[in-house]
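>>> what shape does this take:
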Amino acid sequence: MIFSSTLVFSGSARAEPGVEFSGGAGFGVLAAGITPGRFAISPSASLGLRGERGFFVARDTISFLGANGGRFGFNNETTVGGGLS
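Numbers count the residues shown, from 1 in each chain. The predicted structure is shown next:
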């Protein structure tokens, strides 16, 4: 409902063309099921492109599990989005 009302009451948005890069890292314990938790390091990066009539964004995160010993594994997640105004 809030999303719908935002679309109804907002005017046409315009943005100056541009490029944005960002990145970060997460540190923590991943626990799944009954197995003991494993330390994880998760660096991420994203790219955003704005044009006069639309935008594009891509984000990639990879999690390295077992970074402090034990069984090692990894998980990669990529998200892509875009829109037109």
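>>> residue closest to the middle of this structure?
Residue closest to the mean C-alpha point of the chain, counted by CA atoms, centre = their mean, is residue 59 at 4.6 Å.
>>> quick check: that one touching residue 43?
No - Residue 59 lies out of contact with residue 43 (CB atoms under 8 Å); the separation is 11.7 Å. C-betas here are computed from N, CA, C, even on glycine.
>>> what are the bridge partners for the residue nearest to the centre of the chain, then?
Beta-bridge pairing for residue 59 (DSSP bridges): residue 46, residue 79.
>>> give the burial count for the residue lying closest to residue 73 once chain neighbours are set aside, as a bare number.
Using CB to CB, 6 or more residues apart in numbering and skipping residues adjacent in sequence, the residue nearest residue 73 is residue 65, 4.3 Å away. Using other CB atoms under 10 Å, the number of residues around residue 65 comes to 19.
>>> just checking, residue 65 touches residue 42?
No - applying CB under 8 Å, one finds residue 65 not in contact with residue 42, separated by 9.4 Å.
>>> and the helices in the chain, which stretches?
Counting by DSSP state H, the chain has these helices, from start to end: 2-9.
>>> how about low-confidence regions in it?
1-16 (pLDDT under 70).
>>> what segments of it are strands?
With strands called from DSSP state E, the chain shows them at 18-30, 38-50, 54-65, 73-84.
>>> how far does the first one sit from the chain's center?
Here the centre of strand 18-30 is set off from its chain's centre by 8 Å, with CA atoms, centre = their mean, to the nearest Å.
>>> let me see the residues that make contact with it.
With CB atoms under 8 Å, 6 or more residues apart in numbering as the contact definition, strand 18-30 has outside contacts at 37-50, 63, 65.
>>> restrict it to CA atoms and write it as CSV.
The C-alpha atoms that make up strand 18-30 are tabulated as CSV, following Å, rounded to 0.1, in the frame of the first residue of the first chain:
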residue,chain,number,x,y,z
GLY,A,18,26.1,9.4,-13.7
VAL,A,19,28.0,6.3,-12.5
GLU,A,20,28.4,5.1,-9.0
PHE,A,21,30.7,2.4,-7.6
SER,A,22,30.5,1.2,-4.0
GLY,A,23,31.8,-1.7,-2.0
GLY,A,24,31.8,-3.2,1.5
ALA,A,25,32.6,-6.2,3.6
GLY,A,26,30.7,-8.2,6.2
PHE,A,27,32.1,-10.4,8.9
GLY,A,28,30.2,-12.8,11.1
VAL,A,29,29.1,-16.3,11.8
LEU,A,30,26.9,-18.4,9.5
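>>> since that was my last question, I'll sign off now.
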